[in-house]
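Enquirer: when you get a sec, could you give me coordinates for this:
(chains A and B)
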Protein chains: 2
Amino acid sequence: MTNGHYICIVKRKIHREDILKAGLELMFHQGYNATGIKEITDSISIPKGSFYNHFESKEEFALELVKAYCNNGAKMYEARFLAPSVPPLKRFEGFFDTLIENYAEKMDYKLGCVMSNFSAEMSDVNENFRVLLDEEFNRCQSIMAQCLKEAQEDGSLDKDADANKLAGFILNGWHGALVRMKSTGNATPLETFRDLTMNKILA
Amino acid sequence: MTNGHYICIVKRKIHREDILKAGLELMFHQGYNATGIKEITDSISIPKGSFYNHFESKEEFALELVKAYCNNGAKMYEARFLAPSVPPLKRFEGFFDTLIENYAEKMDYKLGCVMSNFSAEMSDVNENFRVLLDEEFNRCQSIMAQCLKEAQEDGSLDKDADANKLAGFILNGWHGALVRMKSTGNATPLETFRDLTMNKILA
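Expert: Model (predicted):
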């Protein structure tokens, strides 16, 4: 209390997670190079310096952001592709249908996936991103492959197929459909991918 | 001749094509946003101002660069997929084999394709790039579809298949394999794509 007035200082605590969330939103939409640290801190109305209390550099920050995104993605893959209550090949159909609906309703056929966006933009020029993305793509592929092996065990998929190779083909093709979707601006690439994968590859 | 000495002024003529070529090299590797105009002009030792004698803006420049790249690509697609001396489905095999060899020998499994790289980086944020890439992807898809229709006519491909849809699936899947290759740093995604496309999709 000074001169009969209360001086009230509210110091907002900036959480590491808030900066990561704001950065993800911007970098997912615009990419790594188009997004500046100041733009990120401005978007949540904090001084640029606060960023450096939590992260050493934009690169360290974005690697953590991609890692967190991929961890969430892997959890979703596990929930979808290792769901024991759904027949293995039906899990693929459920995955495609749910994601197509999400892109239609929530994302206006934009964004795609952080993994393919960053692979296209960053893997050639930054070995740290390349190695991280390689590991994370492999993690997704291995979850899909596990589901395909279950399909081989229950007889719904040809036992002679190479489950890991098949999973790679599907994972990469799905990402190709996402990259194309960003140019078509509609569901066609995703729907075509779902239909031919279910009817030709997993039939 | 002045004071017995010849003054020799060599004014190098800067061609529009030289700037485009230098820009393609940098933007193909680093992407649009990571590449500055000064970096492009520095790489061919010309003043930054020369750029603006030929192009109004970085955007106009990059749109022309992508268009030129795609025109070359379309010519290659036509030469490969509309080659009357090769059976239609064999043309796909030839296309995959040649490109896989190129990526191994000349590109160290980097770069990928300007079309998918720019689609991933630019289509969400710049409508001019999105529209151009959409048209160019459609152009490639339609050339592939024409080849598939020939295969249907000569009986090597199921007549009931939707050739345009099939072409979209193959084109997008190939781009997905290229994007994944940038992270694996090897030929696996391309080889997997070729093998499963030839044996499952086009069998």
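Enquirer: identify all contacting residues around stretch A:146-162.
Expert: For stretch A:146-162, the surrounding residues in contact (CB atoms under 8 Å, 6 or more residues apart in numbering or on different chains) are A:81-82, A:87-89, A:91-92, A:163, A:166-167, A:202. Where you see a C-beta, it was placed from the backbone N, CA and C, and this is true even at glycine.
Enquirer: next step: these restricted to helices.
Expert: Among these, the subset assigned to helices under DSSP state H consists of A:81, A:88-89, A:91-92, A:163, A:166-167.
Enquirer: tell me which of these is nearest to chain B?
Expert: Taking CB to the nearest CB as the measure, chain B sits nearest to residue A:166 out of the ones in helices among the contacts of stretch A:146-162, at 7.1 Å.
Enquirer: next, count neighbours for the closest one.
Expert: 25 (other CB atoms under 10 Å in any protein chain shown).
Enquirer: which elements pack onto the helix or strand hosting residue A:66?
Expert: Applying DSSP states H and E as the criterion places residue A:66 in helix A:58-81. Under the contact definition 3 or more CB pairs under 8 Å, 6 or more residues apart in numbering or on different chains; DSSP states H and E, helix A:58-81 sits against helix A:16-30, helix A:88-105, helix A:114-122, helix A:127-153.
Enquirer: name the member of the contacts of stretch A:146-162 with the most neighbours.
Expert: Within the contacts of stretch A:146-162, neighbour counts (other CB under 10 Å) peak at residue A:166, which reaches 25 neighbours.
Enquirer: quick check: that one touching residue A:197?
Expert: No - using CB atoms under 8 Å, residue A:166 makes no contact with residue A:197, being 10.0 Å away.
Enquirer: out of the helices and strands packed on helix A:58-81, deepest packed?
Expert: helix A:114-122 (a mean of 27; mean count of other CB atoms under 10 Å in any protein chain shown).
Enquirer: quick check: closest non-adjacent residue to residue A:70.
Expert: In this structure, residue A:70 finds its nearest non-sequential neighbour in residue A:136, 4.1 Å apart by CB to CB, 6 or more residues apart in numbering or on different chains.
Enquirer: quick one: pLDDT of the residue of chain A at minimum distance from chain B?
Expert: Proximity to chain B, evaluated over chain A using CB to the nearest CB, is greatest for residue A:176 at 2.3 Å. For residue A:176, the model assigns a pLDDT of 98.
Enquirer: secondary structure element for it?
Expert: Going by DSSP H and E, residue A:176 is in helix A:163-184.
Enquirer: packing partners of that helix?
Expert: Applying 3+ CB pairs under 8 Å, 6+ apart, we find helix A:163-184 packed against helix A:88-105, helix A:114-122, helix A:127-153, helix A:188-196, helix B:114-122, helix B:127-153, helix B:163-184, helix B:188-196.
Enquirer: so how far is residue B:103 from the residue nearest to residue A:70?
Expert: Residue A:136 sits at a distance of 22 Å from residue B:103 (criterion: CB to CB, to the nearest Å).
Enquirer: do residue A:157 as well
Expert: Residue A:157 sits 30 Å away from residue B:103, going by CB to CB.
Enquirer: again with residue A:56
Expert: Separation of residue A:56 from residue B:103 (CB to CB): 34 Å.
Enquirer: next one: residue A:142
Expert: Distance from residue A:142 to residue B:103, counting by CB to CB: 24 Å.
Enquirer: next one: residue A:173
Expert: From residue A:173 across to residue B:103, the span is 18 Å (CB to CB).
Enquirer: re the thing from before, tell me the buried residues in the helix holding residue A:66?
Expert: Of all the residues in helix A:58-81, those buried under the rule 16 or more other CB atoms under 10 Å in any protein chain shown are A:58, A:61-66, A:69-70, A:73, A:77, A:80-81.
Enquirer: show me the contacts for residue A:187.
Expert: A:100, A:103-104, A:109, A:181.
Enquirer: try residue A:28
Expert: Neighbour list for residue A:28: A:69, A:111, A:114, A:117 [criterion: CB under 8 Å, 6+ apart].
Enquirer: run the last query once more with 10 Å
Expert: Listed by CB atoms under 10 Å, 6 or more residues apart in numbering or on different chains, the contact partners of residue A:28 are A:35, A:65, A:69, A:107, A:110-114, A:117-118, B:124.
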